[in-house]
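Asks: Prediction below, plus the sequence it came from.
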Amino acid sequence: MTKNPLVQGAVRYLPLLFLALVWEAASRFELVSSSALPSLTKIAAAWWDLAKSGDLLDNGASSLWRLGAGLAIAVVVGAALGIGMAWWRPLDMALGPLVEMFYPLPKSALIPVTALWLGFGDGSKILLIAMGCVLPVAIGAYNGARSSDKALVWSARSLGASRLRVLRDVVAPSALPETLSGIRTALAISFVLLVASELIVARSGLGYLIGFLGSNGTYDSMFAVVLTVAGMGFVADRLYLLVMRRALAWRE
Amino acid sequence: MTKIVIDKVRHKYRPARGKPVLALEDVSLEVRDKEFLALLGPSGCGKSTLLYLMGGFLPVESGTISIDGKPIAGPGPDRGVVFQHFALFPWKTVRQNVLYGLERQGLAREKREAVAKKFIDLVGLSGFEDNYPSQLSGGMKQRAAIARTLAVDPSVLLMDEPFGALDAQTRALMQSELLGIWRASPKTVVFVTHDVQEAVYLAGRVVVMSARPGRVKAIIDTNFDKTAPDVLRSAKFGDMVDQIWGLVKEEAIKAQMGRGT
């Protein structure tokens, strides 16, 4: 086996290329209806038109903004909540049952609720994503903080750290690996909620664009946006893994 | 001169499940200033618990423990701790670990760096300053932990089976180096171990504790000249180990029986 990372990467994604070829062939030779599955070349052409017209950029920007804002809120609130609950028992007792009840609720059920509260704009999407993503982050942070080694806490205390200082210098970094895993889960959920909510109640965004193009019967363009969202999700996850690996370099 | 006074300390250990266990019963002990004292006993005899009480990590519920005449209230930098499993901050390099306590003292940056370097050199870790603990061997990790503790210059050093997780060769090496460091600048050391040889070799006095609930069973003076290179094979050393092993053995058997019931 070769060690060249470029070659390794190419080999790894070979199945994807194969799938693309099958797709193209299936559509070209009319094995499936070309409106149900337009050929990739047609989709690429439609993508280029969408990009040139600015539709892709405008809607993409508004989707990214909602995603970023919702996730940012979830990360800040979730990490604080999780570490706080692990550190301070009364908070755990007060919020623990709420977390247990809210966790299994399908957050997509809240799409109409957030629309009712905040309308059709960015606010309802940001709130929905924040609500959907806060618990995976909080649970990761909670578990991570709970598992912080007692000897580390004691060491810091005997080296002169105050209790608050220990929270910052020992408990928070101990919680980091599991918090980062929780955020990765949240990242995946955020895409689901984004597209779902934009499909149902929105006047902009990539999800809205998919729904709009689909109901107009312009399936080449619809597929182009679907593949764009898929690509964005994939790239976001890969980039996040890179960041995560760097942040945890000390673990080897 | 007396450094630490432990007076009629009782301690109940309360597990998350099950009944509380009496870990220490009526322990009274005086630790002299700048002496090297070993706490020796079978596992489960409460010797680590006693150390944690001195460290201020566990609350003293019954009896008193005072240091320099003042009852202890929580952990503090006057008492440095070294744990069996090193307890280094895994996300900090060796240098950052050693600097941590110095930063809490609010020393100026150059001063901190100088002190850290001095103690990293002292434990023989020069060249590994920028390594993370995960990149070090067990012996090196414990060296780093000792440097981190010594750097803040505590007047008392509490060591909880610090060499218990190391292989035999590394342990022997670390023991003689620790003794060298202590001789060069004596501090009050309380050293928990279940290894009789280690206790006799390192300590000036050995406190033998009984099986649970822990009490002071005997205090043996082991303060004789141990600087000779073959001291471990001398008749005097061997006799002392035999004598103390006799005391510990009874308790170890009791501890075993206690576990059986």
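Replies: Alright, I've got the coordinates. Numbering: from 1, shown residues only, chains lettered A, B, ... in the order given.

Asks: which bits of chain A sit near chain B?
Replies: By the rule C-beta under 8 Å from any C-beta of the partner chain, the part of chain A lying against chain B is A:149, A:151-152, A:154-161, A:165, A:169-170, A:173, A:176, A:249-252. Glycine gets a C-beta too; all of them are placed from N, C-alpha and C.

Asks: Apply 10 Å and report the result again.
Replies: Within chain A, the positions adjacent to chain B are A:149-163, A:165-166, A:169-170, A:173-174, A:176-177, A:247-252 by C-beta under 10 Å from any C-beta of the partner chain.

Asks: count of neighbours near the closest residue to residue A:167 other than its chain neighbours?
Replies: If the residues on either side of it in the chain are set aside, residue A:167 comes closest to residue A:87, at 5.9 Å by C-beta to C-beta, 6 or more residues apart in numbering or on different chains. If you count neighbours by other C-beta atoms under 10 Å in any protein chain shown, residue A:87 ends up with 20.

Asks: who's in contact with residue A:87?
Replies: A:142, A:145, A:146, A:148, A:163, A:164, A:166, A:167, A:171, A:172, A:175 (C-beta atoms under 10 Å, 6 or more residues apart in numbering or on different chains).

Asks: How about the second one: what's its closest non-neighbour residue?
Replies: Of all residues not flanking residue A:145 in the chain, residue A:86 sits nearest, at 3.5 Å (C-beta to C-beta, 6+ apart).

Asks: And the contacts of residue A:87, which of them are buried?
Replies: For the contacts of residue A:87, a burial check counting by 16 or more other C-beta atoms under 10 Å in any protein chain shown picks out A:142, A:145, A:146, A:148, A:166, A:167, A:171, A:172, A:175.

Asks: Quickly check the residues you listed for the two that are furthest apart.
Replies: Within the buried ones among the contacts of residue A:87, A:142 and A:166 form the most distant pair, 17.0 Å apart (C-beta to C-beta).

Asks: just checking, which of the residues of chain A next to chain B belong to helices?
Replies: Per DSSP state H, helices hold the following members of the residues of chain A next to chain B: A:150-158, A:163, A:165-166, A:173-174, A:176-177, A:247.

Asks: just to revisit the earlier point, flag every buried residue along the one helix or strand the residue nearest to residue A:145 maps to.
Replies: For residue A:86, the host element (DSSP states H and E) is helix A:55-87. Neighbour counts over helix A:55-87 (16+ other C-beta under 10 Å) mark A:55-56, A:59-60, A:62-63, A:66-67, A:69-71, A:73-75, A:77-79, A:81-87 as buried.

Asks: Please, where are all the helices along chain B?
Replies: Going by DSSP H, chain B shows helices at B:47-55, B:94-104, B:109-122, B:138-151, B:168-184, B:196-202, B:235-260.

Asks: for the residue nearest the centre of chain B, what are its contacts?
Replies: Of all residues in chain B, the one closest to the mean position by C-alpha atoms, centre = their mean is residue B:159, 1.6 Å from it. Residue B:159 is in contact with B:36, B:38-39, B:51, B:80-84, B:142, B:145-146, B:149, B:178, B:189-193, B:202, counting by C-beta under 10 Å, 6+ apart.

Asks: and chain A, which of those contact it?
Replies: B:80, B:81, B:82, B:83, B:84, B:145, B:149.

Asks: Which members of those are the farthest-apart pair?
Replies: B:80 and B:84 (15.0 Å).

Asks: Please say which of the two ends up with more neighbours.
Replies: Taking neighbours as other C-beta under 10 Å, residue B:80 and residue B:84 compare with residue B:80 leading, 27 against 18.

Asks: isn't that one right up against residue B:156?
Replies: Yes - taking C-beta atoms under 10 Å as the definition, residue B:80 is a contact partner of residue B:156 at 7.1 Å.

Asks: ok, now which ones touch the residue nearest to residue A:145?
Replies: Applying C-beta under 10 Å, 6+ apart, the residues near residue A:86 are A:92, A:138, A:141-148, A:167, A:171, A:174-175.

Asks: try 8 Å
Replies: Contacts for residue A:86 (C-beta atoms under 8 Å, 6 or more residues apart in numbering or on different chains) come out as A:92, A:141, A:142, A:145, A:146, A:171, A:175.

Asks: what's across from the closest residue to residue B:199 other than its chain neighbours in the sheet?
Replies: Setting aside the residues directly before and after it, residue B:199 is nearest to residue B:38 in space (C-beta to C-beta, 6+ apart), at 3.8 Å. Beta-bridge partners for residue B:38, by DSSP bridges, are residue B:191, residue B:206.

Asks: separation between residue B:38 and chain A?
Replies: Using C-beta to the nearest C-beta, to the nearest Å, residue B:38 is found at 20 Å from chain A.

Asks: Hmm, that residue is touching residue B:207, no?
Replies: Yes - Residue B:38 lies in contact with residue B:207 (C-beta atoms under 8 Å); the separation is 6.8 Å.

Asks: Neighbour count for those two, which is higher?
Replies: Higher neighbour count among residue B:38 and residue B:207: residue B:38, with 27 against 23, using other C-beta under 10 Å.

Asks: what's near enough to touch that one?
Replies: Residue B:38 neighbours (C-beta under 8 Å, 6+ apart): B:191, B:192, B:193, B:198, B:199, B:200, B:202, B:203, B:205, B:206, B:207, B:222.

Asks: what do you get for residue A:45?
Replies: residue A:220.

Asks: Confirm that it sits in a helix.
Replies: Yes - Residue A:45: assigned to a helix according to DSSP: H, G, I helix; E, B strand; the rest coil.

Asks: residue ranges with poor pLDDT in the chain?
Replies: Going with chain A. Within chain A, the ranges that satisfy pLDDT under 70 run A:1-2.

Asks: Not quite, go with chain B.
Replies: B:258-261.

Asks: ok, now with 90
Replies: Applying pLDDT under 90 to chain B picks out residues B:1, B:13-23, B:41-46, B:73, B:106-107, B:165, B:185, B:210-215, B:223-236, B:248-261.

Asks: Would you mind listing what in it touches chain A?
Replies: B:52, B:55-57, B:74-77, B:79-81, B:83, B:85, B:87, B:89-92, B:100-101, B:104-105, B:132, B:134-135, B:148-149, B:152, B:154.

Asks: So which of these are in strands?
Replies: Mapping the residues of chain B next to chain A onto strands (DSSP state E) picks out B:79, B:80, B:81.

Asks: Quick check: the gap between the second one and residue A:15.
Replies: Look at residue B:80 and residue A:15: by C-beta to C-beta, to the nearest Å, they are 57 Å apart.

Asks: Narrow the residues of chain B next to chain A to those that are buried.
Replies: Using 16+ other C-beta under 10 Å, the buried ones in the residues of chain B next to chain A are B:52, B:55-57, B:75-77, B:79-81, B:83, B:85, B:87, B:89-92, B:100-101, B:104, B:132, B:148-149, B:152, B:154.

Asks: Hmm, residue B:179 and residue B:189 touching each other?
Replies: No - the pair residue B:189 and residue B:179 does not pass the contact test of C-beta under 8 Å, sitting 10.0 Å apart.

Asks: so who does residue A:192 touch?
Replies: Per C-beta under 8 Å, 6+ apart, neighbours of residue A:192: A:108, A:132.

Asks: got it, and the one 4 residues further on?
Replies: For residue A:196, the contacting residues are A:108, A:111, A:207, taking C-beta under 8 Å, 6+ apart as the criterion.
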